[in-house]
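> sequence and predicted structure below; questions after.
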Amino acid sequence: MIKTIIDKLLGKEPATRSRKPRFGKREEVPASVHGIDPQLVDPRAVDVVRTLKDAGFEAYIVGGAVRDLLLGLRPKDFDVATNATPEQVKTCFAVPSSLASVFASCTWCTGVGVSMR
């Protein structure tokens with residue numbers, strides 16, 4: 001800000017800033033490189049990702065589950081990030097509409113089913 005004021009006082013043209021993207025580029029890493037054992041991934045988590053992708057959305061397993069998988073551990077839960085809105089997720093899964101309209105995120109608990117929060 002101070003530099004901008006000094007530049008104005010001296011009659012200099014404002015410097016053009018090159019905007020860097022806020023986020024990095026997504027890069028797919030083949031299984032031969034990351035070494036995650038597919039047997040450690042809960043089939044229900046894969047089902048959630050597949051259902052969202054089949055509906056035309058992006059969906060990825062993220063968070064601590066990825067860390068655990070990279071360490072060769074079986075995650076206790078899986079987080080899925082998607083570009084689908086809660087309303088769009090509701091159309092992909094059998095979620096009671098009274099709950100889905102109140103809560104903004106869905107949680108699938110291993111062995112329990114679906115809960116909303």
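Looks like it came in fine.
> CA only for contacts and neighbour counts going forward, please
Fine.
> need phi/psi at the residue most central in space within the chain.
For the chain, A81 is the residue whose C-alpha lies nearest the centre (C-alpha atoms, centre = their mean; 2.5 Å). In terms of degrees, to the nearest 10, the main-chain angles of A81 are phi -100, psi 140.
> bridging residues for it?
For A81, the beta-bridge partners are Y60 (DSSP bridges).
> which parts of the chain are helices?
Here the chain has its helices, by DSSP state H, at 2-10, 31-34, 43-54, 64-70, 86-92, 97-100.
> contacting residues around the longest one?
Outside of helix 43-54, the residues within contact range by C-alpha atoms under 8 Å, 6 or more residues apart in numbering are E58, A59, Y60, I61, F78, V80, T82, A84, V89, C92, T110.
> for it, which positions count as buried?
The neighbour-count check on helix 43-54 (16 or more other C-alpha atoms under 10 Å) flags A45, V46, V48, V49, R50, T51, L52 as buried.
> what do you get for the first one?
Of all the residues in helix 2-10, not one is buried under the rule 16+ other C-alpha under 10 Å.
> tell me the average confidence for it?
Across helix 2-10, pLDDT averages out at 79.
> the fourth one now?
Average pLDDT, helix 64-70: 95.
> got the buried residues for that helix?
Those would be A65, V66, L69, for helix 64-70 by 16+ other C-alpha under 10 Å.
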